[in-house]
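**Student:** whatever this is, show me its structure:
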Amino acid sequence: MKLELVIRPEAEGDIEDAYKWYESKRAGLGSDFLLCVEEGLSKILRSPEMYAVVHRNTRRFLIRRFPYGIFYLVDRGLIVVLAVFHAHRDPRTWQSRS
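**Tutor:** I've put the predicted structure just below:
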């Protein structure tokens, strides 16, 4: 069964904020970040159960090259992306989204 990917608005905001920050540091770095996020989402879609459960039913995919994780739930045929967070941020912030 093919699962549908849903990215919550808060997670989209996380991605946008990180993109802007990386792009402000070096032109093109934000685009590299987006490519790595897309790669991560693609891998999650292929094998959603492969990645570790880190809080309740929330799983985490660690993004290559950047210190970010994609936090998501698998629920009733959906993959719901809750957050895309920097590894050093307070985890209670994304945990409150689940």
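**Student:** so residue 85 is in which element?
**Tutor:** Here residue 85, judged by DSSP states H and E, is contained in strand 78-86.
**Student:** and that strand, what does it pack onto?
**Tutor:** Applying 3 or more C-beta pairs under 8 Å, 6 or more residues apart in numbering; DSSP states H and E, we find strand 78-86 packed against strand 4-7, helix 9-25, helix 29-46, strand 68-75, helix 91-95. Every residue, glycine included, has its C-beta placed from N, CA and C.
**Student:** where in this structure is pLDDT low?
**Tutor:** Within the chain, the segments meeting pLDDT under 70 span 1, 90-98.
**Student:** burial count for residue 81?
**Tutor:** 24 (other C-beta atoms under 10 Å).
**Student:** then residue 82?
**Tutor:** Neighbours around residue 82, by other C-beta under 10 Å: 23.
**Student:** kindly report the same for residue 54.
**Tutor:** Residue 54, neighbours per other C-beta under 10 Å, totals 14.
**Student:** got it, and residue 85?
**Tutor:** 21.
**Student:** what do you get for residue 40?
**Tutor:** Residue 40: 22 neighbours (other C-beta under 10 Å).
**Student:** repeat for residue 50
**Tutor:** Neighbours of residue 50 (other C-beta under 10 Å): 10.
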